[in-house]
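Just to be clear, the model below is a prediction. Sequence and coordinates:
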Amino acid sequence: MTNSATLAPTSKTAPATAQEMQSDALIERLQWRYAAKKMDPTKAVPQAKVERILEAARLAPTSSGLQPYEIFVVTNTEVRARIKPIAWNQGQITDGSHLLVFAAWDDYTVERINMMFDLTNTVRGMKNEGWENYRNMLLGMYPQRGAEVNHQHAARQAYIGMTAAMVAAAFEEVDCTPMEGFDAKALDEILDLRARGLRSVAILPLGYRESDKDWLVNLTKVRRPREQFITEV
Ligand SMILES: Cc1cc2nc3c(=O)[nH]c(=O)nc-3n(C[C@H](O)[C@H](O)[C@H](O)COP(=O)(O)O)c2cc1C
């Protein structure tokens with residue numbers, strides 16, 4: 001099968017319910033997806049699909065709900081042309097139609113922690129003693145840990161968002177290529193991220209595979225077998 005995982009099926013019996021059929025469909029699309037190496041520059045991802053992919057990232061959980069990252073959607077062709085050479089000249093950056101940049105907070109500050117806890121109180125229309133105690137615990141812990149430790153923690157949350165975006169893209173039958181292969185400092189300068197207290201951690205071009213020019217598309221997906229990956233205790 002083309003670029004499909006040699007994963008053991010989760011269920012050996014045929015799906016009995018609509019829910020099970022949907023679950024199978026998600027796994028099929030995760031087998032279909034791959035880190036596209038060549039995207040078709042003539043095909044753009046429809047905005048409605050991009051919005052759903054972004055919404056999946058926005059809905060992704062984060063530690064303490066702090067959402068310590070932002071996503072930049074770069075469609076400007078000149079900006080993407082400037083990014084490509086500082087990202088190993090990877091063609092998907094300009095051949096895709098949208099480039100998502102996941103930029104994590106450079107630090108957890110008192111203001112940022114309070115911003116999210118205040119937002120929670122506003123959205124829920126209530127103050128909760130347990131939640132306020134939790135706020136104070138984080139305020140007493142995070143800002144003192146140092147910017148680098150905090151940024152690395154924030155970066156891990158950004159990866160959760162990127163994962164949600166990748167799964168959503170597969171669900172939408174949109175191709176994407178997760179990338180760490182770029183000069184983060186140079187990208188921060190191009191997008192002026194440091195001035196906003198952000199640092200780029202990962203990028204994700206969205207587009208459509210150009211199968212006849214992609215060396216990877218017909219290669220079998222490689223994953224360790226279930227028994228080497230999952231331990232049941
Ligand atoms: C965090 C992360 C960074 C990656 N960086 C790059 C990259 O810079 N360029 C690239 O072509 N692929 C990159 N990949 C793609 C991986 O090599 C690929 O996802 C992995 O080999 C599994 O293959 P598949 O995604 O095609 O199933 C990256 C993947 C992840 C998750």
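Perfect, thanks for sending it. All of these numbers come straight from a predicted model, not from anything done at the bench.

State the three-state secondary structure for the one residue in the chain that gets nearest to the ligand.
Of all residues in the chain, the one sitting closest to the ligand is residue 181 (2.8 Å; Cβ to the nearest ligand atom). For the C-beta atoms, the positions are set from N, CA and C on the backbone; glycine is no exception. Taken by DSSP: H, G, I helix; E, B strand; the rest coil, the conformation at residue 181 corresponds to coil.

tell me the contacts of it?
Remark: with contacts taken as Cβ atoms under 8 Å, 6 or more residues apart in numbering, residue 181 is in contact with 87-88, 90.

By neighbours, which of the residues you listed wins?
Using other Cβ atoms under 10 Å as the neighbour criterion, residue 87 leads those with 23 neighbours.

The lengthiest helix in the chain and the ligand in contact?
If you go by DSSP state H, the chain has its longest helix at helix 147-171. No - counting by Cβ under 6 Å from any ligand atom, the ligand is not contacted by helix 147-171; separation bottoms out at 6.7 Å.

For that helix, list every residue counted as buried.
Within helix 147-171, the residues that count as buried by 16 or more other Cβ atoms under 10 Å are 147, 150-151, 153-155, 157-162, 164-171.

how about the residues of this structure near the ligand?
Close to the ligand, as judged by Cβ under 6 Å from any ligand atom, the chain has residues 34-35, 37, 90, 177-181, 202, 221.

So which of these belong to strands?
residue 202 (DSSP state E).

Output the residues of the chain next to the ligand in CSV; the columns should cover pLDDT.
Formatted as CSV, the residues of the chain next to the ligand follow (pLDDT from 0 to 100):
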residue, pLDDT
34, 98
35, 98
37, 98
90, 98
177, 98
178, 98
179, 98
180, 98
181, 98
202, 99
221, 97
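
List buried residues within the residues of the chain next to the ligand.
Burial by neighbour count, 16+ other Cβ under 10 Å: within these this picks out 34, 37, 90, 177-179, 202, 221.

which ones among those residues are found in helices?
Residues from those lying in helices, with DSSP H as the criterion: none.

Just the closest of these to residue 103, please.
For these, the minimum distance to residue 103 (Cβ to Cβ) is 9.2 Å, reached by residue 202.

Compute the number of surrounding residues for the closest residue to that closest one other than its chain neighbours.
Distance criterion Cβ to Cβ, 6 or more residues apart in numbering; nearest residue to residue 202, sequence neighbours excluded, is residue 102 at 4.7 Å. Residues lying near residue 102 (other Cβ under 10 Å) number 24.

does residue 102 really touch residue 71, like I thought?
Yes - under the criterion of Cβ atoms under 8 Å, residue 102 makes contact with residue 71 at 5.9 Å.

Which parts of this structure are helices?
In chain order, the chain shows helices spanning 18-32, 47-58, 77-83, 92-95, 110-124, 129-141, 147-171, 184-191, 226-229, with DSSP H as the criterion.

Turn those into CSV, columns for distance to residue 197 and mean pLDDT.
Below are the helices of the chain laid out as CSV (distance: least, Cβ to Cβ, whole Å; pLDDT from 0 to 100):
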stretch, distance to residue 197, mean pLDDT
helix 18-32, 34, 88
helix 47-58, 19, 98
helix 77-83, 20, 98
helix 92-95, 24, 98
helix 110-124, 8, 98
helix 129-141, 18, 98
helix 147-171, 10, 98
helix 184-191, 11, 98
helix 226-229, 37, 98
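
what would the ones you listed look like in JSON lines with distance to residue 64?
Formatted as JSON lines, the helices of the chain follow (distance: least, Cβ to Cβ, whole Å):
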{"stretch": "helix 18-32", "distance to residue 64": "28"}
{"stretch": "helix 47-58", "distance to residue 64": "16"}
{"stretch": "helix 77-83", "distance to residue 64": "31"}
{"stretch": "helix 92-95", "distance to residue 64": "33"}
{"stretch": "helix 110-124", "distance to residue 64": "8"}
{"stretch": "helix 129-141", "distance to residue 64": "6"}
{"stretch": "helix 147-171", "distance to residue 64": "9"}
{"stretch": "helix 184-191", "distance to residue 64": "24"}
{"stretch": "helix 226-229", "distance to residue 64": "29"}
